[in-house]
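Q: below are the sequence and a predicted model; questions follow.
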Amino acid sequence: MGHLFLGAILMAVGIAITIKSEAILSFFGPIGFFEKYLGTEGGSRLGWKLIGILFFFIGFLIMTGMINGFMLWLLSPLLGAGHSI
């Protein structure tokens, strides 16, 4: 039950960050990393939208109980999972 609540909160935060990226940018100011690497495609605005989408995606994975499988898949090259010795 707790994972549903946590996932829904993260999804709501992700949606809010994505929709209100302009307000967040005006409050916090530009971020140098985003301006350097995403400058021609929107800079900090695009960076905040990507963060919001990431929050939504992680919230969805937590809510549906798929976070463990995703993390295992993501980290399997580093952990050597699936390789026999």
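A: It's in.
Q: contacts and neighbour counts: CA atoms only from here.
A: OK.
Q: by contact count, what packs against the strand or helix carrying Phe60?
A: In this assignment (DSSP states H and E), Phe60 forms part of helix 44-64. Using 3 or more C-alpha pairs under 8 Å, 6 or more residues apart in numbering; DSSP states H and E, the elements in contact with helix 44-64 are helix 2-19, helix 21-28, helix 32-38, helix 67-79.
Q: would you list those in TSV and tack on distance to Leu46 and mean neighbour count?
A: As requested, those are exported to TSV (distance: least, C-alpha to C-alpha, whole Å; neighbours: other C-alpha atoms under 10 Å):
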stretch	distance to Leu46	mean neighbour count
helix 2-19	9	18
helix 21-28	8	14
helix 32-38	7	14
helix 67-79	24	12
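Q: buried residues, the helix holding Phe60. List them.
A: Within helix 44-64, the residues scored as buried using 16 or more other C-alpha atoms under 10 Å are 44-63.
Q: and that helix, what's its mean pLDDT?
A: On average, the pLDDT along helix 44-64 is 93.
Q: ok and it relative to helix 2-19, angle-wise?
A: Angle, helix 44-64 to helix 2-19, by axes from the mean of the first three to the mean of the last three C-alpha atoms, to 10 degrees: 160 degrees.
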